[in-house]
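# quick one, what's the 3D model for this:
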Amino acid sequence: MPRFFNYPNLISEELNNMGYQVDFFDDRPSTNAFIKAAIRINKNLIYTYIKKYFDGIMTKIKNEKYDVVFLISGQSLSFSESMIEQIKKSQPYAKFVLYQWDSQTNFPYIKKVQKYFDKCYSFDRRDVEENSSLMFLPLFYSKIYENIGKEKNKEYKLPLVIPIVLYTGKKRWDAKRYLEESQETLDGVEIKAGNYNLVDINDFTKEELLQGKTLISKMMLLEKSESTEESIEMLEKIIPNTNKEEKELLKRVISILFGEKIGEEKTKELIEKIDGGEEKMLALVDMIRNENQMYINIGKKEKCLEIAKNLLKINMPISQISEVTKMSKEEIAKIK
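So this is what the prediction gives:
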C-alpha cells in the first residue's frame, strides 16, 4: 500500500493483534516527487528501476509462505500486471485480497489486476454498483476514535481547543478569519464559532526560521523547502541544533515530511541515525543527496530514450534525434 500518514503502521499493528505476522512493502520503489510523477504519467519510463525494486522484494520473500497477500491500491500502482502474476505464482496457497483506495475512474489500471485476487473491495459505491466482482467496504480509520465519548464522567471537561491554521501554500492566505463569516447558518440557532489563529509560513524568512529554537520553526523550515535537495540542505543546518529532548519529536517530523521525499527505507535509516550522533546523520544526509541526484539523472536518460524511440518510429533522421535528445548517434543507432 502507499505510505500515507501513519496508516501502514496502524493497519500492520491491527493485523498483528489479529494474530498475523506482517511484512509490509510499499509498491513504489521510492516516494520522491519524480518517481511518484513518473509512475502516474508513464511508469514504463522507469521500468528498470521498478523492476530492480520488485526483484529485491521477491528475493526477500522467496522462502516465505503467506496465508494472505493484501494489496491496498491508492492513486497508482507501480507493479505491472506480470509482476502481480509473479507474486500470485510464488504464493500458490495464499488468499489474495485487494482493497481499492481510489475510484476506478481515477485509476482504471487497477481493473487489469483484479483477476489475480480472490476478493476485491472498494470504498466507492459507484464502482461496486457497476462491477459485480467488487464488494463495498468503507474507508478504514484508527481505533483511537472508537473510544471517544465512551467514558461517562459528568465532571469531565473537554480540553481547551485553540483553532490554529498552519498554512504552507505559496499564495497569500486570503480566507475570512472569522468562522461565522464563512460557514452556513441555521434559522433560530446561534453558534459562536469565533476566529482562528493563522500561522502563515510566508510571513517568515528561512533565516528567521533557522534562528528559531522551537521544533515548529524547524518543521516549517523543512516544509518551506521547495525541493528534495533544499530539504536535505535545511536538515543539515537543523541537525547540529537539535537537543536530546527534541529527538523523539524530530523523528516523527522526519517520518512525515521526508517519507514522501526520499522514500520509506532511507527515511527509516535517517531516523535510526539520529541516535548515532551528528556525524553519522550528516554522512547519511550526504549519501541521500547523491542518490537523489542519481535518480534524477536516471529519469532524464530514460525519458530521452523514450523520446528517441518515438522519433525513430516516425523515421526522423538520427542526426536530428541526436540534436533533440542530446544523445550520441551511436546510442540512437543501438536503439534502432
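# do a quick rundown of the strands in the stretch 101-250 of the chain.
Assigned by DSSP state E, counting those that start in this stretch, the stretch 101-250 of the chain shows strands spanning 119-122, 134-136, 164-167, 197-200.
# can you put the ones you listed in CSV and add distance to Arg177, mean neighbour count and mean pLDDT?
Bear in mind the C-beta positions are built from the backbone N, C-alpha and C, glycine included. Compiled in CSV, the strands of the stretch 101-250 of the chain are given as follows (distance: least, C-beta to C-beta, whole Å; neighbours: other C-beta atoms under 10 Å; pLDDT from 0 to 100):
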stretch, distance to Arg177, mean neighbour count, mean pLDDT
strand 119-122, 40, 20, 92
strand 134-136, 40, 15, 91
strand 164-167, 9, 12, 82
strand 197-200, 7, 13, 83
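# looking at those, which is closest to Arg252?
Checking those against Arg252 by C-beta to C-beta gives strand 164-167 as the closest, at 15.4 Å.
# before we move on, back to that, right, and the strands of the stretch 101-250 of the chain - which one's nearest Leu98?
strand 119-122 (4.6 Å).
# picking up where we left off before, got TSV for the strands of the stretch 101-250 of the chain, with distance to Glu81 too?
Listed next are the strands of the stretch 101-250 of the chain as TSV, based on distance: least, C-beta to C-beta, whole Å:
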stretch	distance to Glu81
strand 119-122	15
strand 134-136	18
strand 164-167	41
strand 197-200	46
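# and Met327, which of these is closest to it?
strand 119-122 (43.0 Å).
# so what does that closest one touch, helix or strand wise?
Secondary-structure packing of strand 119-122 (3 or more C-beta pairs under 8 Å, 6 or more residues apart in numbering; DSSP states H and E): strand 95-100, strand 134-136.
# any chance of JSON lines for the ones you listed, columns distance to Pro163?
Formatted as JSON lines, the helices and strands packed on strand 119-122 follow (distance: least, C-beta to C-beta, whole Å):
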{"stretch": "strand 95-100", "distance to Pro163": "34"}
{"stretch": "strand 134-136", "distance to Pro163": "35"}
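# out of those strands, which is closest to Val69?
Here strand 95-100 is closest among the helices and strands packed on strand 119-122 (C-beta to C-beta), at 5.0 Å.
# alpha carbons only: can I get that closest one in CSV?
The C-alpha trace of strand 95-100 is given here as CSV (Å, rounded to 0.1, in the frame of the first residue of the first chain):
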residue,chain,number,x,y,z
LYS,A,95,-5.6,-15.9,-0.3
PHE,A,96,-5.2,-12.7,-2.4
VAL,A,97,-7.2,-9.7,-1.2
LEU,A,98,-7.4,-6.3,-3.0
TYR,A,99,-8.7,-3.0,-1.5
GLN,A,100,-9.2,-0.2,-3.9
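# quick one: contacts of that strand?
With C-beta atoms under 8 Å, 6 or more residues apart in numbering as the test, strand 95-100 has contacts from 67-73, 88, 107, 110, 113-114, 116-124, 127, 134, 137.
# can you rerun that using 6 Å?
68-73, 110, 117-122 (C-beta atoms under 6 Å, 6 or more residues apart in numbering).
# out of the residues you listed, flag the one nearest to Gly194.
When those are compared against Gly194 (criterion: C-beta to C-beta), the nearest one is Ile72, at 38.7 Å.
# one step back: how about the strands of the stretch 101-250 of the chain, which one is nearest Ser225?
Of all the strands of the stretch 101-250 of the chain, strand 164-167 comes closest under C-beta to C-beta, at 15.5 Å.
# if we can go back for a sec, of the helices and strands packed on strand 119-122, which approaches Ser30 most closely?
Of all the helices and strands packed on strand 119-122, strand 95-100 comes closest under C-beta to C-beta, at 22.7 Å.
# show me this structure divided up by domain.
7-146, 229-336 (automatic domain parsing).
# make a markdown table from those and add distance to Asp174 to it.
A markdown table is the format used below for these (distance: least, C-beta to C-beta, whole Å):
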| stretch | distance to Asp174 |
| --- | --- |
| domain 7-146 | 27 |
| domain 229-336 | 26 |
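# those: lowest mean pLDDT?
Mean pLDDT per stretch puts domain 229-336 lowest among those, at a mean of 67.
# can you give me the buried ones in stretch 102-115?
102, 104, 107, 110, 113 (16 or more other C-beta atoms under 10 Å).
# quick one: end-to-end length of that stretch, please.
Stretch 102-115 has an end-to-end distance of 18 Å (C-alpha to C-alpha, to the nearest Å).
# ok, and what's touching it?
Contacts of stretch 102-115 (C-beta under 6 Å, 6+ apart): 73-75, 81, 84, 100, 120, 124, 127.
# and those residues, which are buried?
Using 16+ other C-beta under 10 Å, the buried ones in these are 73-74, 84, 100, 120, 124, 127.
# buried residues, stretch 231-239. List them.
231-232, 234-235, 238-239.
# all helices of the stretch 101-250 of the chain, in order?
For the stretch 101-250 of the chain, applying DSSP state H, counting those that start in this stretch gives helices covering 125-130, 179-182, 206-211, 215-224, 228-238, 247-262.
# packing partners of the first one?
What it means is helix 125-130. Counting contacts by 3 or more C-beta pairs under 6 Å, 6 or more residues apart in numbering; DSSP states H and E, helix 125-130 packs against strand 134-136.
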